[in-house]
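Visitor: just need the structure, nothing else, for what follows:
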Amino acid sequence: MIIKNFHYKSINSTNDTAINLIKQKNLKAGLVVAERQKKGRGQRGKRWISYKGNLFVSIFFSLEKINLTLEQLTKINCKLIINLLSKYYKKRINIKMPNDILINKKKICGILQETIEKNDIKYLIVGIGVNLIRSPKISSYPTTNLYELTEKKICINKIIKDLKYIYRVFLKSQRVH
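Guide: Numbering: from 1, shown residues only. This is a model prediction of the structure:
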């Protein structure tokens with residue numbers, strides 16, 4: 001499956017942009033990347049703090065030939081992101097259900113899933129925010145970032161390429177059945 005890239009310097013939200021692309025274009029899948037989000041969103045309407053240099057991406061795809069529930073997809077998306085992060089961090093990475101990724105009991109990644117329907121076809125939008133170089137300070141919720149954990153700067157273009165590859169393999173495996 002071809003996943004079309006969309007790269008922006010600054011947008012309100014990668015998920016909002018993905019929703020607009022689905023509505024306006026005839027795409028089966030896409031990847032929206034932003035260097036900066038002005039109105040990043042988390043679960044239940046919470047604000048996602050978007051520091052420049054961190055990863056803000058939404059991947060979207062048609063659910064037309066995917067026979068998985070949204071609950072199954074939530075677990076799979078978390079596992080795919082853990083797979084991605086484990087390329088850069090070799091120790092234990094955990095899921096805090098339904099959709100936070102934790103290292104050492106600190107949040108490093110949040111995932112926001114949304115669905116939209118167009119022409120009787122359902123699409124899944126998976127918003128992914130990863131703290132690569134800077135963590136927000138949240139009093140009630142400890143956070144971390146990859147740089148703090150590894151003392152290495154992660155090339156954002158490489159992590160995007162790895163993410164796209166992981167999803168391409170996943171989507172290809174779903175279309176075989």
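Visitor: what helix or strand is Asp162 located in?
Guide: If you go by DSSP states H and E, Asp162 is part of helix 156-175.
Visitor: what does that helix contact?
Guide: The list of residues contacting helix 156-175 from outside it, by C-beta atoms under 8 Å, 6 or more residues apart in numbering, reads 1, 3, 5, 29, 31, 33, 53, 55, 57, 59, 61, 65-68, 76, 80, 83-84, 87-88, 128, 130, 132. Just so you know, the C-beta spots here come from the backbone N, C-alpha and C atoms, and that holds for glycine as well.
Visitor: now do the buried residues in it.
Guide: By 16 or more other C-beta atoms under 10 Å, the buried positions in helix 156-175 come out as 156, 159-160, 162-164, 166-168, 170-171, 174.
Visitor: got the residues you listed as TSV, with pLDDT and distance to Gly40 columns?
Guide: Listed next are the buried residues of helix 156-175 as TSV, based on pLDDT from 0 to 100; distance: C-beta to C-beta, whole Å:
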residue	pLDDT	distance to Gly40
Ile156	94	16
Ile159	96	17
Ile160	96	17
Asp162	97	21
Leu163	97	17
Lys164	97	20
Ile166	97	22
Tyr167	96	20
Arg168	95	25
Phe170	95	24
Leu171	94	25
Gln174	89	28
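Visitor: in the protein, which spans are strands?
Guide: Along the chain, the stretches classed as strands by DSSP state E are 4-11, 29-37, 55-62, 94-96, 100-103, 106-118, 121-130.
Visitor: so where's this protein uncertain?
Guide: For the chain, the stretches with pLDDT under 70 are 41-48, 176-177.
Visitor: nearest the geometric middle of the chain, what residue?
Guide: Ile128 (2.2 Å; C-alpha atoms, centre = their mean).
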